[in-house]
Structures are given as C-alpha cells and as structure tokens.
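> I would like to see how this sequence folds:
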Amino acid sequence: MVMTETTIGREPVQIVEIVQPLCANVYGSSPCTASGSADEKCFNTRATCQDTTNYNGSATLSLFFARGTVAEQNVSGAPYIIPSLVSVSTSPTQINLSGSNPDAQGLGNRSLCSISFRDHPHTDKKVDPYVSGRSWDPMERGSFWSKWIHRNKYWNLIRINIYEGYAGQALGAMTVRTYFMDNISGPDSNGNVTIQGKDILARIEERKAQAPAVSQGVLYADIDESTTSIEVANAVEADYDASGVIRIGDELISYSARATSTYGITFTASLRGYKNTVSAAHEFDDEVQQCVEYSGVSVDTVLEDLLSTYGGIDTGFLNLTDWATEAANYHSAVRLRTVIAEPTSVAKLVSEILLQVGGYMWWGERTRLVEYRAVRGIGETVDRIDDESNILPGFSIKRMPRQRISQCWFYYNVRSYVDDLEKPSNFNNSTIVANLESEADDLYGEPSIRKIFSRWLLTAAGANTTASRLVARYTDVPREATFSMDAKDRAYWTGDIIEISHRLDVDEFGNRNIARWTITSAEEIVPGEIVRYVAEDTTLYGITYFVQGTGAADYDLDPTSIGPTASTGALAYIGNSAGLLSDGTPSAKIG
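Model (predicted):
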C-alpha cells in the first residue's frame, strides 16, 4: 500500500537531492582538449576542469541522500541513495505584505535550510565519471564529503531539493521545496558536515547585486560644461551601454553612442545637464559611472530586468506569465520612470517598487518560482478552513500596532536623481492621505505616519492610489494568526488566500468572523505530520470585480452570480443611480 497524507499509520520520510552542474563533455574528446593519464582526469566539475575554455556546464548530476532506513528502501525516482543524512531543518519564507512590517525587509525574510550529514568512505559511484579507469581505490583515499567539497567549490548554481513524503511513495509524488546552496562546513573531527541553503532571492542582497554595476572608466582629460565628445580611459565598449546615461560628479549626461578611441572609449553626448542636473566642468581622472534609466516601463518589466539583468537570477525561476497578468489587471495605468545614478542594492530597488506600487514578492518554495502579486481585492473563490475539520489546538491571533497607518505622506516626481532621495525638498510633488478620525482620543489617540519617497512615480494617480490603499488597509491595527494543521491540509502554502472560521475569532455579538487571510509563512514543523502557518487578515483588500465584455449575459437575478468564482473571477454588473441591481442587490463599484 502506498502511503499518503491521509493514510492512517503513515511513515514520513525525507530525501535530500543535491543538483550540481556537470560538464557535458568527455575528458580528452573534442571539444575538450585536456590530456592526461586516467589518474589525472578531471571529475567533470568546473572546479576540476582542465580546459576551461571549452567547459560546458549544461549537464547536471543529482545526488540523493537519506537516513539509513529510508536509503534502504526502493524509492522510485531516486535510483541511488547515499545513507549519510542526519537531519534537516528549515526556516520559512516570510512575506512582507505592502512592505508594512518594519521588522522585516521589504522583500520579507528569506527561506533557509540547514542540512547535516555524516561523512564516510565512498566508492565514488556516481560522482566520478572515470572511476573505473583509475589505478587507486577511492575507498582508501579521503572520504565522500572531503573529496566532494574540493571537486565542487563553486556553489552558485547548486540546487538543493528537500523531498518530504511517506514510505512507499515515488519521489515525484512527494512535496518538494527548493533552495540554493549558500555555504558548507566540515567535515569536522567527528565527521559532521553541514550545508546551508537560501532561496534564490538571497542573490539580490546588497553585497551581491547592484544596479548599475560599478563602472571603472575615468576621464582621460579635463572637459568643460559644453564638451560633447568625452574620452574615457580604463574602459572598453562592453563596459557601457551602446547609448544611455552616464554620471560624472553631480551631472547626468545623456549620450547617443560610444566607440573605441585611442585611450579607451569616446562618448557622444546628446544632452549635458540631463534630468535637471547642471552642466559643469570636470577634471582628468573623474569617475564616469554608467546609470540605469527606465522611461515609462511596466512594473513587471522593470522587476524582471532588475532580478535577471542585475540580480543574475535565471528567468526560468521567475513566474513571468503571472507577473504580466497581475500588472495588466492591477497596474495597467502605472509606468515606472527613474534614473539610478549610482550603484544601489537590487533588493532595495525591488523593495521600493513593491511598496510604492502596492505589491509583494516571495520565493515559492514549492512552485520553485519567484511569485508576484499586487495588493488588491480577491477576484476568485477561496477555501474555508475551520477548527472542526482543519485547525489543530493552539490557534492564536495577535495585533500588530507598529504597522498601523493613519497618515501616508507620499513624495513623488523627483527633482534631481543625484541629490538625496529621502529629502522632501528633492521632490516636486507630494500627497497626504489621512484618516484623522482614527487619531481621536477615544479611538487610537495618536497619529501613525508613514512617509514614502518615490524615485519611480511621476504622477499623482499612482501616488494617491498607493497612499489610499495603505491607509484604508492599515488604519485599524492589522491582525496576524498563527495556527497549525495536519499534513492532510498541507496543500495550503505561502501566498495562498483562505477564509478562516474559528471560535476564538468572533465579533462583538459573539458571531464568528469569516475573514480572508493571506498565508505569509508556512513550515512543516513535524515533517510529513504538522504544518505551522502564519497568516495576515487581508479582508479589507475586498473583492476585485471585472467588467464583462460585449455580449456577456445580463444579471440573472441570482446574487450568487456576482461573487467570485474559480473560473471567471468576480463579475461586475451595472446598477441604477442608487447603486442597486434590479432585485435590490448592491452592484459593483469603481474604486
């Protein structure tokens, strides 16, 4: 019998897969030009490559690890399991909705894993493609992990998949979470080895990814405020975009071309003193920094460019189709415009966008994609869970007063991109959205002000929309629920929206609140048995309705046809001047 989440007496199992790049070439065979005896051959890894010019890392090697009892089982999909796994611990992704949590990064908290292994002698099966031709016995030379570390010292492209399922299940039927290798320690004197992994968004941390990258070019000679042919030393054409914007001192210069010159490259300036900066004289050896400019670009396109071009994240890990749908449905009027005039953390830039347009992003440990969602109403049906069928004892709700917002001061339309971007006087426009009533002594008794300085937005429409949403959402202290469910319900995961009905969540009359919650964190605290969730009450986001196309059916006097459905979303019908449909049911409203 194959066990599943609903099987009585189920036996949970964990399997760790390490997926490492491997050279697709064969040692000494074209195109590989390496030569040596059988004992001198590489291990087809980048660290041991003897012909780096022709290295082809398109192949992969999957190594599976489990505890001894699991490794002895015949797991379909994992043909060879090394029995050296000791333990697996994880820390989940934490979504920061609207960037409202001051105790979390704008992108939330990264998901982490820490995996312990026991070192041991090994035959080099699987890990050495040329083991059969070597003159020495690998069991007598080193140990598995001591050799593996030296053969694989470049970790950037190594993935870690953690499979959790039940005895008798095929690997493909188990749930899987994906991480990227970040560090390895050991083996120590007791043979202990620890591998640590993070989700892929860790790659855009400040020390790892900057936009733009630092430019090395410097002025070859002094220039005055009107020079349009600017020669730069210590640079080649590939160091700079074919056209774009450069910064010298506090001046931005738009250029139409760059070409190789005697001492480096020469820029053809099309506009000195670009974007409200002052054209000025500059001296020999002044730095010439490439800038990044976005001119009226959609939200999803900018996010993709920042994460892939500057963050180095393969677009295969970005859920671009869903991003485009979210942007088209909920950010269609938003266009981002800015000049990034100095190297800036990609994580900071992405966090700014998420806050300023109203969105959130997270690594889908199970989908193995970076997900994006606009802060919006819910346009589809959601499942309801309750304390009778789903929620285990230990349900709790806490209030988060530090996230309350009674006023949002939104500064937009930057004067100068080379000046302080968090100084109110550096912005041409501002808007304030406030709920002053909530500050009254008999309510919250004090203001709670959120200031936003936007380098990305130029118009009042975008600023007012985001400020209004934040104040509407966070005028009242937001609520966070923590609860656990049995593994039979573990299909619910980070980013999912659910309804919760619980005896501890009631209104002033004692009736149950049926609120909509967004799961901001999920973790299997007992693998294969119990999942702990953290969710934020997002009921105030409301329901998003979609205007129907020409030829759609008229309202059929059935109020249930108005609500969200899985297939069509929530459909909008036009009401009368009082905002009612023909049977008195409220119509949708344009927000």
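> helix/strand/coil for the residue lying closest to Arg384 once chain neighbours are set aside?
Once flanking residues are discounted, Arg384 sits nearest to Glu499: 4.0 Å by Cβ to Cβ, 6 or more residues apart in numbering. C-betas here are computed from N, CA, C, even on glycine. At Glu499 the chain is in strand, as set by DSSP: H, G, I helix; E, B strand; the rest coil.
> Ok, Asp476 next?
coil.
> okay, it: pLDDT?
As predicted, Asp476 sits at a pLDDT of 89.
> domain ranges for the protein?
The record's domain parsing of the chain by automatic domain parsing lists 12-84+119-198, 213-290, 384-400+477-541, 405-474, 543-591.
> re the thing from before, bridging residues for the residue nearest to Arg384?
Arg384, Arg516 (DSSP bridges).
> what sits against it?
Listed by Cβ atoms under 8 Å, 6 or more residues apart in numbering, the contact partners of Glu499 are 382-385, 514-517.
> which residues in the stretch 401-550 of the chain form strands?
407-414, 427-434, 449-453, 479-486, 497-501, 515-526, 530-537, 545-547 (DSSP state E, counting those that start in this stretch).
> Any idea which of those gets closest to Gln356?
Closest of those to Gln356 is strand 449-453, at 6.2 Å (criterion: Cβ to Cβ).
> Starting from that closest one, tell me which strands it pairs with and how they run.
strand 407-414 (parallel).
> Tell me how confident the model is about the partner strand, as a mean pLDDT.
On average, strand 407-414 scores 95.
> ok so, going back, can you redo the strands of the stretch 401-550 of the chain as TSV with distance to Ile397?
Formatted as TSV, the strands of the stretch 401-550 of the chain follow (distance: least, Cβ to Cβ, whole Å):
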stretch	distance to Ile397
strand 407-414	25
strand 427-434	27
strand 449-453	23
strand 479-486	5
strand 497-501	10
strand 515-526	10
strand 530-537	8
strand 545-547	29
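> Please identify which of the ones you listed is closest to Ile340.
strand 407-414 (11.3 Å).
> low-scoring stretches of the stretch 401-550 of the chain, by residue?
Low-confidence segments of the stretch 401-550 of the chain (pLDDT under 70): 540-550.
> For Val26, which non-adjacent residue is spatially closest?
Nearest to Val26 is Cys32, by Cβ to Cβ, 6+ apart, at 6.5 Å.
> Validate this expectation: Ile149 resides in a helix.
Yes. Counting by three-state DSSP, Ile149 is found in a helix.
> correct me, but it touches Ile184?
Yes. Assessed by Cβ atoms under 8 Å, Ile149 is found in contact with Ile184 at 6.2 Å.
> Neighbour count for these two, which is higher?
Between Ile149 and Ile184, Ile184 has the larger neighbour count (other Cβ atoms under 10 Å), namely 20 against 16.
> I'd assumed that one was in a strand, is it?
Yes. Counting by three-state DSSP, Ile184 is located in a strand.
> residues in contact with it?
149, 155, 193-196.
> possible to save those as TSV with pLDDT?
Supplementary listing: these in TSV, determined by pLDDT from 0 to 100:
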residue	pLDDT
Ile149	93
Trp155	86
Val193	94
Thr194	96
Ile195	95
Gln196	94
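> which among these gets closest to Ala211?
Trp155 (23.2 Å).
> how about the strands of the stretch 101-250 of the chain, start to end?
112-118, 159-166, 175-185, 192-198, 210-211, 218-219, 229-233, 244-248.
> CA atoms of stretch 473-481 as PDB?
What follows is stretch 473-481, C-alpha atoms only, in PDB (Å, rounded to 0.1, in the frame of the first residue of the first chain):
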ATOM      1  CA  ARG A 473      -5.700  48.700   4.900                       C
ATOM      2  CA  TYR A 474      -3.800  49.800   8.000                       C
ATOM      3  CA  THR A 475      -6.000  52.400   9.700                       C
ATOM      4  CA  ASP A 476      -7.000  49.700  12.100                       C
ATOM      5  CA  VAL A 477      -4.300  47.600  13.700                       C
ATOM      6  CA  PRO A 478      -3.700  44.600  11.400                       C
ATOM      7  CA  ARG A 479      -4.100  41.100  12.700                       C
ATOM      8  CA  GLU A 480      -1.900  38.100  12.400                       C
ATOM      9  CA  ALA A 481      -3.000  34.500  13.000                       C
END
